[in-house]
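Trainee: Sharing a model prediction with you, sequence too.
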Amino acid sequence: MHTGNSFPMGDIQMGGIPESHSRVQEGPGLIRDAVQEGPGLIRDAEPGRGPNRKIFAGKRKTHWALVIFSVLSLIVSQAVATLLNRYYFDDGGNSRWISTLVQSVGCPILFIPLVFYQGKQASKITPLTPKLVLIYVGLGLLLAGDNLLYSWGISYMPVSTYSLLCSSQLAFNAVFAFILNKQKITPYILNSLVLLTLGAILLAVHSDGDRPKGVNTAKYIVGFICTVAASAIYGLLLPLMQLVFNRVMKKETFAVVLEMQIFTSIVATVVCIVGLFVSGEFRDMKKEAENFTTGKVAYYMTLIWSAIGWQVCSVGGVGLIFLVSSLFSNVISTLALPIVPILSVALFHDRMEALKIISMLLSIWGFVSYIYGGYLDSKPSTDVLTRISVLAESS
């Protein structure tokens, strides 16, 4: 899950040779062996040591299956859950606490894959030590605050603008990953950050007339600020989880991903339930359901499927943290950007004006920049190839 060398599974080679053998040392026997094994050494030479080397380097089929599953889960469920969240507010929903609650309340369904996985692997749940409990509580409180800010943001903004603005989480994530996880910021990552920041600035400038019904300038500004703040907190959450995986849990199974998501979501759910009762919004649920434009059934189905969608999205995101890196997880989430704005135009009649299209293209460009940087990082070390070539010629 870690970027660069700080990933907890970093000692497992991705089809490459160990660090101690990646350098050709002096000595007749060693030179002879290096020349004889040159083709294999070139093929298996350690990938580039940049932050993306784990993404593209050789892996077991099981690993790639989990990566693909996590990517699809994140992209599809994020798009669906975001659209359902906006649908809730458009059709008569007005409770930010309910909107926040559905983002974490579906966590019990994750016990099903957890029990299945643990039964298959004959493993046990990670012991809940006082230290781990405190970590779960802290991350859960942070998650609840993050979800609440997202709910305030989407309640005051068009879903197309909201989803594009959320791409700023990638920039925040890169900064926090650099501070907490020693993530190397390459020129391609820096390019991505600049492009995403420019996209967010365009959305900030383009605010006139781009609002849902009943939203004035003050509310739009509140929504904008809340969305940016939520993106910053989310950008911090991923490196923090990465840090916990690396230094506290120290496990190499997918089960720890599910455990992390379940327990932090339980804490976030408790916070939301308390907030729902303290604010008095729980008393409005029955009235909301009765006045929902498309009826009671649609109201409850919207909440149920939103809850399921957010959990699938979270497990895909945290899974990519564990399998690849926190930054890669955030980058993959930007793949939903072309999907959500386009669907929002068809479903919610959002206006797709020139500046918004430019912002979307800048976000996609930022994603491509990161992936291309990962491709370059994945190439075998030039130093290794040069040494092998010299040894081959001298033989």
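Mentor: Perfect, I can see it now. Bear in mind that the values here come from a model prediction, so they are computed numbers and not experimental data. Numbers count the residues shown, from 1 in each chain.
Trainee: Give me the distance from stretch 268-286 to the chain's centre.
Mentor: Centroid separation for stretch 268-286 versus its chain: 27 Å, with CA atoms, centre = their mean, to the nearest Å.
Trainee: no wait, stretch 237-245
Mentor: With CA atoms, centre = their mean, you get 11 Å for stretch 237-245.
Trainee: Show the average pLDDT along it.
Mentor: In this model, stretch 237-245 has an average pLDDT of 83.
Trainee: Just the C-alphas of that stretch, formatted as PDB.
Mentor: C-alpha atoms of stretch 237-245 as PDB (Å, rounded to 0.1, in the frame of the first residue of the first chain):
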ATOM      1  CA  LEU A 237      -6.800  10.300   6.100                       C
ATOM      2  CA  LEU A 238      -5.200   8.100   3.400                       C
ATOM      3  CA  PRO A 239      -1.600   8.800   4.500                       C
ATOM      4  CA  LEU A 240      -2.600   8.300   8.100                       C
ATOM      5  CA  MET A 241      -4.100   4.900   7.300                       C
ATOM      6  CA  GLN A 242      -1.000   4.100   5.300                       C
ATOM      7  CA  LEU A 243       1.000   4.900   8.400                       C
ATOM      8  CA  VAL A 244      -1.100   2.700  10.600                       C
ATOM      9  CA  PHE A 245      -0.700  -0.200   8.200                       C
END
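Trainee: Can you mark which positions in it are buried?
Mentor: Neighbour-count burial for stretch 237-245 flags 237, 238, 239, 240, 241, 242, 243, 244, 245 (criterion: 16 or more other CB atoms under 10 Å). The C-beta positions use only the backbone N, C-alpha and C, and glycine is treated the same way.
Trainee: In strands, which of those residues appear?
Mentor: With strands taken from DSSP state E, there is no overlap with these.
Trainee: Would you reformat those residues as TSV and include distance to residue 115?
Mentor: Output for those, formatted as TSV (distance: CB to CB, whole Å):
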residue	distance to residue 115
237	26
238	26
239	29
240	27
241	22
242	25
243	27
244	22
245	21
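Trainee: okay, stretch 289-309 in PDB with CA atoms only?
Mentor: This file holds the C-alpha atoms of stretch 289-309, laid out as PDB (Å, rounded to 0.1, in the frame of the first residue of the first chain):
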ATOM      1  CA  ALA A 289     -40.000  10.400   3.300                       C
ATOM      2  CA  GLU A 290     -43.600  11.500   2.800                       C
ATOM      3  CA  ASN A 291     -42.700  14.600   0.900                       C
ATOM      4  CA  PHE A 292     -40.000  13.000  -1.200                       C
ATOM      5  CA  THR A 293     -40.800  13.800  -4.800                       C
ATOM      6  CA  THR A 294     -40.600  10.300  -6.100                       C
ATOM      7  CA  GLY A 295     -42.200   8.700  -3.000                       C
ATOM      8  CA  LYS A 296     -41.400   6.800   0.200                       C
ATOM      9  CA  VAL A 297     -40.000   3.700  -1.500                       C
ATOM     10  CA  ALA A 298     -37.600   5.900  -3.600                       C
ATOM     11  CA  TYR A 299     -36.600   7.800  -0.500                       C
ATOM     12  CA  TYR A 300     -35.500   4.700   1.500                       C
ATOM     13  CA  MET A 301     -34.000   3.000  -1.500                       C
ATOM     14  CA  THR A 302     -31.900   6.100  -2.200                       C
ATOM     15  CA  LEU A 303     -30.500   6.000   1.400                       C
ATOM     16  CA  ILE A 304     -30.000   2.200   1.400                       C
ATOM     17  CA  TRP A 305     -28.100   2.100  -2.000                       C
ATOM     18  CA  SER A 306     -26.100   5.200  -1.000                       C
ATOM     19  CA  ALA A 307     -25.000   3.400   2.100                       C
ATOM     20  CA  ILE A 308     -24.000   0.300   0.200                       C
ATOM     21  CA  GLY A 309     -22.300   2.300  -2.500                       C
END
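Trainee: roughly how far is that stretch from the heart of the chain?
Mentor: How far stretch 289-309 lies from its chain's middle: 26 Å, per CA atoms, centre = their mean.
Trainee: Ok, stretch 247-257 next?
Mentor: Worked out by CA atoms, centre = their mean, stretch 247-257 lies 17 Å from the chain centre.
Trainee: ends of it, how far apart?
Mentor: 14 Å (CA to CA, to the nearest Å).
Trainee: Mind checking what helix or strand follows the host helix or strand of residue 174 in sequence?
Mentor: Residue 174 belongs to helix 169-180 when assigned by DSSP states H and E. For helix 169-180, the following helix or strand on the C-terminal side (DSSP H and E) is helix 187-205.
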